[in-house]
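Colleague: sequence and predicted structure below; questions after.
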Amino acid sequence: MYSEVFELHAELLKALAHPRRLEIIHLLRGQALCVSDIYEMLDLPQANISQHLMILRDAQAVTAIRDGKQVIYKLSNPKIIQASDMLREVLIDQHQESELAEYLSMPMKDLVPVVHDPVCQMRVSPKTAGFSLQHDGAHYYFCASGCLKKFQQKPEKYVTNN
Ligand SMILES: [Zn+2]
């Protein structure tokens, strides 16, 4: 029994111990997503994402819910996010002097590539967005079809203060 406890603990950590899977966990913070949402946001092939999701599912870190033709993924337990955040706090402590410090200490919500083009509302990932712009201290991402220009002409029309 004694060693089984550590085996189980290690198995769960192993399932989480991959940069892409940590990204997925992070994306599922407070929302359920289907595979295509996830692969669009991470800009990775669907087969690759499916494999990662399978590992997370086997470890019961995520739950798959069938919704018509789609399969929606959500975190099985919100404590997984707490655990991940806690480890990031350790990283912040460890990297205070490094150039990564600024990114590590960024609020997690600002690190999420779940963003909408403020003009056309298309979902874009900071990794794949056509254009980005900093306005009033916030980052905005735009599709590749002219929304950046519209935004620059009249940003106040598109910036929501919430
Ligand atoms: Zn657009």
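Modeller: Cool, the structure landed.

Colleague: which residue is nearest the centroid of this protein?
Modeller: Leu27 (2.9 Å; C-alpha atoms, centre = their mean).

Colleague: which SSE is Leu44 in?
Modeller: For Leu44, there is no host helix or strand (DSSP states H and E).

Colleague: distance check, Pro78 against Leu87.
Modeller: Using C-beta to C-beta, to the nearest Å, Pro78 is found at 15 Å from Leu87. Quick note: C-beta positions are derived from backbone N, CA and C, even for glycine.

Colleague: what of Gln96?
Modeller: 16 Å.

Colleague: what of Tyr73?
Modeller: The value you get for Tyr73 to Leu87, if C-beta to C-beta is used, is 21 Å.

Colleague: more neighbours: which of those two?
Modeller: Neighbours per residue (other C-beta atoms under 10 Å) separate Tyr73 from Leu87, with Tyr73 holding more: 23 against 13.

Colleague: next SSE downstream of the least confident helix or strand in the chain by mean pLDDT?
Modeller: Sorting the helices and strands of the chain by mean pLDDT, DSSP states H and E puts helix 108-111 at the bottom, at a mean of 65. Moving toward the C-terminus from helix 108-111, the next helix or strand (DSSP H and E) is strand 115-116.
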